[in-house]
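Asker: this one's sequence-less:
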């Protein structure tokens, strides 16, 4: 297998030629990764990566889900800490089923990682699985493959992690205070578990939050103050954004007494589903207000049924591949928030979607008027070449390029970061090349735009 | 008019060349048609086809609807048994309006049939209509055009029909027991009329079902047992699947007493609309459970307002062109069923949609985790080249090719079967050729994949 | 900057060549503009256009919204009559931010206008803004740039305006009675403000309508008769259509007493939101019935949250860029109307959408059966090259070309009319060229089809 220099570019030779030139402008620009799920302690401790399976398969629900769909049980993939089979056996399973990933985004990333990071060019299969396992193991144990060294190899300039509100952010501090480590590793405030009554440990988490971060008040008032305090703490430790994986994009302004009443029901596990949704919507609204003070950019990732298969959740835990999107309405849901702060100079909101119907219908129209709204990159199931091309076509004609927040990789798979940015940059080069070939923009402007998308756009949207 | 050898292939010469090679691999593979609406008695009796109008126009709502939209009354098309005009006159109407079908899927199929089956190369018009009518009539009356002979000419290896639960399946038995007839003609269990309280004759049908197929119990218990018995009967007579044209994909587990209470209301015509939907959802769930026992693959075709124009329904009957799709939510609706049997090794469910927004948002994510779920081919209004290209682009990046159920023609127009498979095969060749040209898969793998899609995929999904 | 002769054509040289030939057939055909928002008094009085800013920026919410999204306050754009800055300063703001419009439909239109109407070829920027302002000012003040002269220059054969039901249509009469003015300028009946209880001045408007146009009856009966009378008045003064920007496409037949009860609540400002929607749906239904008598084609533009940002509405007025679309269901909502008049020979309904998911799912299937329904051109945010290409691909395979209503520019920006028709014609040429190159239609038929789309289709759909 190989990475063809023209991969993901259009087949037409004239357009491809333009795409090549555009891509050459940005191919070697540093990676800015303003939203993702890498663990900062990995970098702080600079511990070697574990075995190939623990590195590339078990924690990656993009990979395990498609194997599972082909009737390979999750415990055979060592998901959720299971050890029914050895890492070597799991690795063999992936290699024997490599063909399942043909045409998928995951297949692109895995191939890119094997070739560029580990120097493997044989297409994995059952016969060469053990050899590849050995090769990767050897690479993993070299000093050049330690996490901090890879930050340099991958030319990652900024890497945002996603963190629990009560995280001490010690790992981030360690990195920030280390003069020998130049990349910027910044935390992201992710309060979801503390705003969803249906979270398995919401009462415990909320109570702990009040105890540890509150100002002495109890109940809802203490809770609200504690959220604000922790947001400030994150800001002081380098955070530029808060991330919200709400059920829907609903926003709602409850009065203090009603919010307090719901909060008590949430703590007592007596809230109805509608009350839980109302409280989540209220807290999204409240945090938009807080952001005027602490300047954290708000990123929103709604529209997913989480953990749809209860047996799998109970056996293997969350994030094991059975989250499924649903249709979302941004315009109606965001109205209360946008009326409050949509044109405020200090508010920024990046909208992500996995319901791509919203791109032309709601997200581009919203971002084409409200100065606070930026258009997030195609997320999760849409982080793939054809989906990204549809995204650009669906948003640009209404909102241009200036409202784009640039690319985010959103990944916990550290070694896939370069692969994901590579796919996004190539897809944008292909899209812009088409506009040039169709005489819709000049090639000079296309060069400026693609540099902006890779470099300035994420800095602007995330206030980096 | 002609069938260009490069039809439906991309214009770019490099991509077209790849598409040609891919298509050559599968052009002559036998047709597997695991879901459709041809009548088995047609083959069992091997009766000659009727006149050109009765063969190609009156029963085909794809054709009559677009003529009707252009203000040609349905009785002028001899729809629903009307005989206001002669077959020759109706044929002239089609030919005079041939241009209306330019760019449509129906136009492609009709052209393909006229050229390949009847040897007609003049584009139909008012002037040559009578000559074409005569030519077709002559062909129809040749022995080579008898239905059984056409099965060979068309190289149909498997043909599934769609049948009433109380059908004796005598025609299927006749064909299965005839050593001179080699294709496999198999029934499909279609219980819709027996699970929808709003069906005009639901009480009569359900009562007859209990009387003829029950185990002596009355009411709901007898009904449920009769459904199970008939499913077994179908399985014993060759069926591999049951087909469900439910209103939505709702699934629901009612307890026995609640289900029985609703059933009684259905029989008495006193059920509300919500009760009717609940019972339908319950029966979909029940039959998923039954399938663990009888191994019938479940196919689901929801999301259509049937017979939206009451006057047309009353005058011409159902299936006369005024069924209109609506937006559907698969993820939420299927949750009860998927939690019950979604990962069961003996359950298979093929999802069809005419709401194409669900491909990237719900169907590919579902099929990319649940081993029971296969992605059905674009159905009905989406069974067309551009729509099929959108379908592949929307599903492959998430779910690859292994979760595809292959193509189904879903047609009652026997002579259009080769045309429909031809369009699907060419569209897949075009899509795969693009992936090859963009260096996303190798040409070798593309060859393997296209053979798999035509041959192994339907066998896998339908357990053929 | 330049207008490349191949702009918006596909990059592939073979396809581009076909597109060029197709476009050449229709490039110089007169413009038929059967729906738009130009003011008839502009033509009747033939007054010179105002300054460049008042002509091209302030009234055009497509332009001001994207500048506003980039943090330029609306008063700096002289929106809503504000005069914080001079027209020259506002013009400089546009030129300095010209790059924001790269890749957008508005950018295409503005560029086309500057080049073809004003002869400007320098790409606007901060440095040349004043020179361009001077050039445009000079052109504006020439006799050749008077509105009536531009009608000739632009080769506009038919121009429909959109008018208040109580408009005297004096300007239209002036034009119709002027033998030296040959283009046809026709009014369109737009009753929205008179059917929406939530309109700020509904009670006053409805009362005035009854007083001025009623037959002496008071309340609902007088109101209904006044609507019918004004529709007839419009028809007598040249109108061919009525335009309905309803919230949803809901249609509903209330009995007379229920409608009268709701009307009274509307007048008294005591109606609930649901009652207001019900009355609007009832009036849409009523006007469909009226159209059987007065023969006004009905055009429907639903699915927009109007004026989503209240502060902006209060400060700058409506139509200032913050209308946002939402998901719409046509099939369910239109059922009552379609059952009443959907197949009536005297009824015509053109459906517009900004929820593009409805094209393949609902609008093409509806127009492919109901002879009354025509498919409206992509509207507003979808009036852009890629969106128009998606529209053709989503509707043609089901409904062919005969159900298309042709292009409408829907604009209040008079000078952008040629630009908009140019983009639409080129996009259709590109689409048809692809079908030809893929051997799906012949080039001869493509020529006939593109002429039909530009010329006969709007005449057919709008009964011109």
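Answerer: On my side now, so go ahead. Keep in mind that what you see is a predicted model, and the values were worked out from it rather than measured. Numbering: from 1, shown residues only, chains lettered A, B, ... in the order given.
Asker: In contact with residue A:229, which residues?
Answerer: By Cβ atoms under 8 Å, 6 or more residues apart in numbering or on different chains, residue A:229 lies in contact with A:213, A:214, A:215. Using the backbone N, CA and C atoms, a C-beta is placed for each residue, glycine as well.
Asker: since we're on the first one, how many residues are nearby?
Answerer: Number of residues near residue A:213 (other Cβ atoms under 10 Å in any protein chain shown) recorded here: 20.
Asker: same check, this time on the last one
Answerer: Other residues near residue A:215 number 12, with proximity taken as other Cβ under 10 Å.
Asker: how does chain A divide into domains?
Answerer: A:49-144, A:147-461 (automatic domain parsing).
Asker: Format those as CSV; extra columns: mean pLDDT and distance to residue C:348.
Answerer: Formatted as CSV, these follow (pLDDT from 0 to 100; distance: least, Cβ to Cβ, whole Å):
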stretch, mean pLDDT, distance to residue C:348
domain A:49-144, 97, 45
domain A:147-461, 97, 27
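Asker: okay if I get those as TSV plus distance to residue B:111?
Answerer: Below are these laid out as TSV (distance: least, Cβ to Cβ, whole Å):
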stretch	distance to residue B:111
domain A:49-144	31
domain A:147-461	30
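Asker: Highest mean neighbour count out of these?
Answerer: Ranked by mean neighbour count under mean count of other Cβ atoms under 10 Å in any protein chain shown, those are led by domain A:147-461, which reaches a mean of 21.
Asker: Need the distance between the two termini of that domain.
Answerer: Using Cα to Cα, to the nearest Å, one end of domain A:147-461 lies 27 Å from the other.
Asker: Show me which residues of the stretch 1-150 of chain A are close to chain C?
Answerer: Residues of the stretch 1-150 of chain A lying near chain C by Cβ under 8 Å from any Cβ of the partner chain: A:10, A:12, A:14, A:15.
Asker: Quick check: phi and psi on the second one?
Answerer: The phi/psi pair for residue A:12 (degrees, to the nearest 10) reads phi -60, psi 130.
Asker: quick one, what contacts it?
Answerer: Per Cβ under 8 Å, 6+ apart, neighbours of residue A:12: A:437, B:12, C:11, C:12.
Asker: ok so, going back, just the contacts of residue A:229 now: which is nearest residue B:423?
Answerer: residue A:213 (62.3 Å; Cβ to Cβ).
Asker: these two touch, right, that closest one and residue A:226?
Answerer: Yes. Counting by Cβ atoms under 8 Å, residue A:226 is a contact partner of residue A:213 at 3.9 Å.
Asker: Give me the next element, helix or strand, following whatever helix or strand residue A:417 lives in.
Answerer: Residue A:417 is part of helix A:417-437 when elements are defined by DSSP states H and E. Heading C-terminal from helix A:417-437, the first helix or strand you meet, by DSSP H and E, is helix A:443-451.
Asker: That following helix: how far from the chain's middle?
Answerer: 26 Å (Cα atoms, centre = their mean, to the nearest Å).
Asker: how far off helix A:417-437 does that helix point, in degrees?
Answerer: With axes from the mean of the first three to the mean of the last three Cα atoms, to 10 degrees applied, the angle from helix A:443-451 to helix A:417-437 works out at 160 degrees.
Asker: Confirm residue A:137 sits in a strand?
Answerer: No. Looking at residue A:137 with DSSP: H, G, I helix; E, B strand; the rest coil, it is helix, so not inside a strand.
Asker: That one contacts residue A:51, doesn't it?
Answerer: Yes. With contact defined as Cβ under 8 Å, residue A:137 reaches residue A:51; the gap is 6.5 Å.
Asker: got the phi/psi numbers for residue A:350?
Answerer: phi -110, psi 120.
Asker: So in terms of bridging, what pairs with it?
Answerer: Counting by DSSP bridges, residue A:350 is bridged to residue A:299, residue A:374.
Asker: wait, isn't it in contact with residue A:296?
Answerer: No. At 11.5 Å, residue A:350 and residue A:296 do not qualify as touching, with contact defined as Cβ under 8 Å.
Asker: Mutual contacts of these two, please.
Answerer: Common neighbours of residue A:350 and residue A:296 (Cβ under 8 Å, 6+ apart) are residue A:241.
Asker: Does the residue nearest the centre of chain A belong to a helix, a strand or coil?
Answerer: Nearest to the mean C-alpha position of chain A, counting by Cα atoms, centre = their mean, stands residue A:410 at 2.0 Å. Three-state call for residue A:410 (three-state DSSP): coil.
Asker: what do you get for residue A:8?
Answerer: Residue A:8 is classified as coil under three-state DSSP.
Asker: got the contact list for it?
Answerer: By Cβ under 8 Å, 6+ apart, the contact set of residue A:8 is A:385, A:423, A:426, A:427, A:430, B:438, B:439, B:440.
Asker: ok, so of those residues, who is nearest residue B:459?
Answerer: residue B:440 (26.3 Å).
Asker: these two touch, right, that closest one and residue A:423?
Answerer: No. Taking contacts as Cβ under 8 Å, residue B:440 lies outside contact range of residue A:423: 10.1 Å.
Asker: part of a strand, is residue A:243?
Answerer: Yes. Counting by three-state DSSP, one finds residue A:243 located in a strand.
Asker: May I have the beta-bridge partners of it?
Answerer: residue A:299.
Asker: Tell me how far it lies from residue A:191.
Answerer: 9 Å (Cβ to Cβ, to the nearest Å).
Asker: how close does the residue of the stretch 301-450 of chain A found nearest chain B sit to residue A:354?
Answerer: Nearest to chain B in the stretch 301-450 of chain A, going by Cβ to the nearest Cβ, is residue A:384, at a distance of 3.5 Å. Computed as Cβ to Cβ, the residue A:384 to residue A:354 distance reads 11 Å.
Asker: Equivalent analysis for residue A:315, please.
Answerer: For residue A:315 relative to residue A:354 (Cβ to Cβ), the value is 25 Å.
Asker: Can the helix holding residue A:417 be said to contact chain C?
Answerer: Yes. With Cβ under 8 Å from any Cβ as the criterion, chain C is reached by helix A:417-437 at A:434, A:435, A:437.
Asker: Kindly report the same for stretch A:456-464.
Answerer: No. Figure legend: stretch A:456-464 not in contact with chain C (Cβ under 8 Å from any Cβ); closest approach 10.4 Å.
Asker: contact partners of that stretch?
Answerer: A:32, A:34-35, A:158, A:160, A:240-241, A:295, A:297, A:348, A:350, A:374, A:401, A:404-408.
Asker: can you rerun that using 10 Å?
Answerer: A:31-35, A:157-158, A:160, A:184, A:186, A:188, A:240-241, A:295-297, A:299, A:348-350, A:373-377, A:401-408, A:448-449, A:451-452 (Cβ atoms under 10 Å, 6 or more residues apart in numbering or on different chains).
Asker: what's the span of stretch A:95-109, first residue to last?
Answerer: Stretch A:95-109 end-to-end distance (Cα to Cα) = 15 Å.
Asker: Now do that stretch: distance to the chain's middle.
Answerer: 21 Å.
Asker: Same check on stretch A:362-369?
Answerer: 21 Å.
Asker: Do a quick rundown of the strands in chain A.
Answerer: For chain A, applying DSSP state E gives strands covering A:31-33, A:156-160, A:184-186, A:241-244, A:297-300, A:304-305, A:324-325, A:349-351, A:373-375.
Asker: quick one: the longest one to helix A:417-437, angle?
Answerer: In this structure, strand A:156-160 runs at an angle of 110 degrees to helix A:417-437, with the same axes, to 10 degrees as the basis.
Asker: And strand A:156-160, what does it pack against?
Answerer: When contacts are defined as 3 or more Cβ pairs under 10 Å, 6 or more residues apart in numbering or on different chains; DSSP states H and E, strand A:156-160 sits against strand A:31-33, helix A:40-45, helix A:147-153, strand A:184-186, helix A:417-437, helix A:457-461.
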